[in-house]
Each structure stands twice: as C-alpha cells, then as structure tokens.
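> would you be able to build a 3D model of this:
(chains A and B)
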Amino acid sequence: MDTDQLIRSLAADNAHRAPRVGAVLTMALLVAAPLSILIFATFLGMRADVMSAMRNPFFDMKFAVTLSLAIPAIIISLHLSRPEALLRGWGWLLLLPVGLLAVAIGSEAMMAPAMPMTMRLMGKNSRTCLLAIPAMSLPLLAGALFGLRHGAPSRPALAGALAGLVSAGLAATLYASHCTDDSPLFVATWYTIATALVTVIGAAVGSRVLRY
Amino acid sequence: MRGREDEWTGLMRSAMAGDDAAYHRLLKAVTPVLRAAARRGLARAGQPPDQAEDIVQEILLAVHLKRHTWDSEAPFAPWLFAIARNKLIDALRRRGRRVFVNIDDFAETLPGEAPQETASAGEVAAQLGTLPQRQRDVLQSIAVEAASIKDTAAKFSMSEGAVRVALHRGLAALTAKLRDH
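Modelled structure (predicted):
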C-alpha cells in the first residue's frame, strides 16, 4: 500500500472519535476500585476504634498524605499521556505528600512522645502494610495502565511509574483506615516502601504496555 | 516555518471539527516533512533509506489513532514531531539489529543493488494480508481503489456503519501488528 492510499483510508476514518484519556482512565479506575475494596473488606476492614481515631490529627494526616499522592499522580499521568508533554514543571506536585509527611513528623517530634521513636517507626502492622498496599494496588494499577494505554506517552516507563503512584496512593488511602499505626514515622517508612514497590512494577509493566 | 505550522494547526482544528478534506490535506502536507526526517534518522543510524516509507506510514497511523491526545488549543507541530520522534526511535531500535545482521551477512552479494526509491512500503502491505477478510476488503476498497464509504458499503452489501467500524478496526489492528511484530 503506498502512502497516498494509506492517507486516503485515514481521512475516510476521520469521523471516528475516541474518548479523552481522562474519561477512559476514570472509567477504568471506577471498574477496578470494587476489586480493591473487596480485598479490603475481605482481609482487612476498618479498625475497630475508627470513630475515636478520627479525633486524632495523625490519623487524619494519613489520608491527607495518601490523597496528596494519588490526586497529583492522576493529574501528572494525564498530562504525560500527551506525546509532547514533559515532566518538567509538574514533577514538583509529587513533593506534596513528602512535605506533608515532613510537617507531620516535625509536629509529632515536638509533642511529648507516647512511645519511643523506634516503636512508633516499627509499629505493629509493618508486614500487613507491605502486603496489603501492593495487593490492593494491583487491580487499580491494571485499571490505570489500561486507561493510560489510550494516551500516547513518550516515556512509557515513566507513565507506568505514575500509574503505580496513582494505584498505590488510592490503595494506601483504603489501608490507612485499617491500620492502627498513625505515627507519621510509620507512614513515611512502610507506606513509602510499599508505594515504591508498586511504582517499580508500574514502570516495568508500563514500559511494555504503554508503547503505542 | 512558522506560517506552515500555523497552517497545520488550522487544518487539524478543522479536521477535528469534522472536515475530512482538511484532514486529508494536512496528512498530505506533513508527509514530505516526516519522510525527510525518517531518511535523516536512517542515514544517521547507518541504515538504508528505503525503509523510510515504512516509518512514515507507522507515524501516520499513530497520528491518526492518537489524535484525541492533541489539545486543540496547542500548536500541532510539537505534538506531531513528538509522535514522529517516538516512532522513529522505536523503528530504528527494532530494525537496528535485524538490518545490521542482514548487511553483515549479505554485504558481499548485494553491492550492485541500488536502494529502491518508491513511495510504497512493504510492512503495512504485508500486515494487511494478516487482517480478517472483512477489514482487509474494506481497507483495500477505500485505500487502494479509492472507493467512498458509501460505494464500499454497496459493494460488500454492508451498512455504512459497518464499513466505518471495519475501517477503524482494520487501521487499529494494522498499527498494533506493526508495533508488536
């Protein structure tokens, strides 16, 4: 087929309209979310003292941290789904959760400690955290990658890593309501390790499936 | 340069608004630029220029299937060149080893053959043969025989909607095969 003929067939297909990447990503995450919630409901559930925990600012801070990861990651991943887009100028958004954690760690350090630092850092749930966040991330990661496949990222591994951050941020938001470790030191350690794991998986899978 | 790129942006806006003729003109207008870039890329990688047309066709298919990622408020050229660059890099990476192996193997038996300068490309044509019958027929009719969607529908006793679906699926399948083969 020569190029003029190909162009003719492309022009004939001009009426075909694809949905925006944001719409496909939203739908894919909404389809995946019930699976992650099912994992949560089956194996974890909310912590028993959730009502009183809500009066603890460090409990609330966990959600601020996880959502300040998930939401900017969604925004950046949509931005990067355009081929000419650069991370420059957008990457700083990912420092939001880091900054929040730093503030939280600082304010906890200024209070009279209820427990020694190592106990706060190690917590009681580190193993659950390392298992639960990646497990609940997987359906969301698949959804995010499916949604981003509709885009045209110039750096598939980077876009895949962002998909990992999206899914880990959302999964960690669920997990935070189960976990009784509220110290920002615990969050900064174990949530971060779990998120890094999911991000690496996202980058590895993304470098294959996000090529277009 | 500036004027040319503004013209492309205008054509693409019209195309997205449903003007098929503007879309056709735009694709025709960008093709020589893409071809020159593909040749340069191949030359720099030490590969024969006769593969440029395969790369041009891959770029055009990607432009077509990803045009919903273009922001109509943004200029068209940077978006186009980003796609072209990605596809060129992919193509060179993919072809690199194979071509070098071939040249090493056959260098001595091929010296007399001049590279063919044609606007036809082998890969799309080869992958076309692997498509389901219906998609192949529709693509053949519209691309090669220059039939309209309406005439194609009449020829194969299909509805126009079914022709449109087969055409789009065929183009999407071609792109996937070119990427993965």
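> so who does residue 142 touch?
Going with chain A. Residue A:142 makes contact with residue A:32 under the criterion Cβ atoms under 8 Å, 6 or more residues apart in numbering or on different chains. Bear in mind the C-beta positions are built from the backbone N, C-alpha and C, glycine included.
> nope, chain B
By Cβ under 8 Å, 6+ apart, residue B:142 lies in contact with A:8, A:9, A:12, B:148, B:149, B:152, B:167.
> the first one against residue B:24, yeah?
It refers to residue A:8. Yes - using Cβ atoms under 8 Å, residue A:8 is in contact with residue B:24, at 7.2 Å.
> joint contacts of the two?
By Cβ under 8 Å, 6+ apart, no residue touches both residue A:8 and residue B:24.
> taking the centroid of chain B, which residue is nearest it?
Nearest to the mean C-alpha position of chain B, counting by Cα atoms, centre = their mean, stands residue B:57 at 2.1 Å.
> which ones are touching it?
By Cβ under 8 Å, 6+ apart, the residues touching residue B:57 are A:1, A:3, A:6, B:121, B:123, B:124.
> do residue A:202 as well
Neighbouring residues of residue A:202 by Cβ under 8 Å, 6+ apart: A:141, A:144, A:145, A:160, A:161, A:162, A:163, A:164, A:165, A:167.
> show me which pair in these is furthest apart.
Farthest pair in those (Cβ to Cβ) is A:145 and A:165. Separation: 12.3 Å.
> okay, buried residues for stretch B:69-79 please.
B:69, B:70, B:75, B:76, B:77, B:79 (16 or more other Cβ atoms under 10 Å in any protein chain shown).
> can you give me phi and psi for the nearest residue to residue A:8 once chain neighbours are set aside?
The spatially closest residue to residue A:8, leaving aside those adjacent along the chain, is residue B:143, at 5.5 Å (Cβ to Cβ, 6 or more residues apart in numbering or on different chains). Per-residue torsions, residue B:143: phi -80, psi -60 (degrees, to the nearest 10).
> so which of the contacts of residue B:142 sit within helices?
Counting by DSSP state H, those place A:8, A:9, A:12, B:149, B:152, B:167 in helices.
> neighbours of the second one, how many?
Yep, that's residue A:9 we're talking about. Residue A:9 has 25 neighbours, counted by other Cβ atoms under 10 Å in any protein chain shown.
> and the residue nearest to it when sequence neighbours are not counted, what is it in contact with?
Leaving aside its sequence neighbours, residue A:9 sits nearest to residue B:143 (Cβ to Cβ, 6+ apart; 3.9 Å). Counting by Cβ under 8 Å, 6+ apart, residue B:143 makes contact with A:1, A:5, A:6, A:8, A:9.
> ok, the last one - contacts?
So the one you mean is residue A:9. Applying Cβ under 8 Å, 6+ apart, the residues near residue A:9 are B:139, B:142, B:143, B:167, B:171.
> how far away is the third one from residue A:6?
Pointing back at residue B:143 there. Remark: distance between residue B:143 and residue A:6 (Cβ to Cβ, to the nearest Å) = 6 Å.
> test for you: state the pLDDT assigned to residue B:100.
On the pLDDT scale, residue B:100 is placed at 46.
> contact residues of chain A facing chain B?
Taking Cβ under 8 Å from any Cβ of the partner chain as the contact definition, chain A meets chain B at A:1-21, A:81-84, A:151-152, A:154, A:211-212.
> all helices for chain A, in order.
Listed in chain order, the helices of chain A (DSSP H) span A:3-12, A:21-39, A:50-53, A:57-80, A:95-110, A:117-122, A:126-149, A:156-176, A:184-186, A:192-209.
> the helix or strand of chain B with the lowest mean pLDDT: what's the following helix or strand?
Scoring the helices and strands of chain B by mean pLDDT, DSSP states H and E places helix B:76-106 at the bottom, with a mean of 73. Counting by DSSP states H and E, the next helix or strand C-terminal to helix B:76-106 is helix B:122-128.
> in that following helix, what counts as buried?
B:123, B:124, B:125, B:127, B:128.
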